[in-house]
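Asks: can't give you the sequence, but here's the structure:
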């Protein structure tokens, strides 16, 4: 996660832990960007493209605290697992926390929600005799 507008080292470390946990839970790659988004969604998509080989499995959450913008963009594979509705719910969870002054809490809420929705269902085998 690039350090950006007003993110402390402690917050950065907390966000990295959130991302690591989400990645273990569902197998996708999560990235968080906190900083200026000059062109909104276009900037977020450009950041996703910079993920090169892992871009198709990546979910990028881009937050611009100054302009109060939030963009969630997904790579082609990630989009098959996390749909637009899930991203909208995650955005709502994040913005609610952001309004209360909880940057890290909002990121945690949104990423955890997306990871839970992306988690593959447990396979159960039933033996028939």
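Replies: That came in fine, so what should we check first? The structure presented is a predicted model; accordingly, all values stated were derived computationally and were not measured.
Asks: C-terminal to the longest helix along the chain, which secondary structure element comes first?
Replies: If you go by DSSP state H, the chain has its longest helix at helix 9-26. Once the chain leaves helix 9-26, the next helix or strand it forms, by DSSP states H and E, is strand 29-34.
Asks: quick one: contacts of that following strand?
Replies: 1-5, 7, 15, 19, 22-23, 44, 47-48, 51, 54, 57-65, 78, 103, 107, 111, 114-115 (C-beta atoms under 8 Å, 6 or more residues apart in numbering). Yep, even glycine has a C-beta here, placed from its N, CA and C like the rest.
Asks: List the buried residues of stretch 31-49.
Replies: For stretch 31-49, burial by neighbour count (16 or more other C-beta atoms under 10 Å) applies to 31, 32, 33, 34, 35, 37, 43, 44, 47, 48.
Asks: actually stretch 114-121, not the one I typed
Replies: For stretch 114-121, burial by neighbour count (16+ other C-beta under 10 Å) applies to 114, 115, 117, 118.
Asks: Dump those residues to TSV, plus secondary structure.
Replies: Output for those, formatted as TSV (DSSP: H, G, I helix; E, B strand; the rest coil):
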residue	secondary structure
114	helix
115	helix
117	helix
118	helix
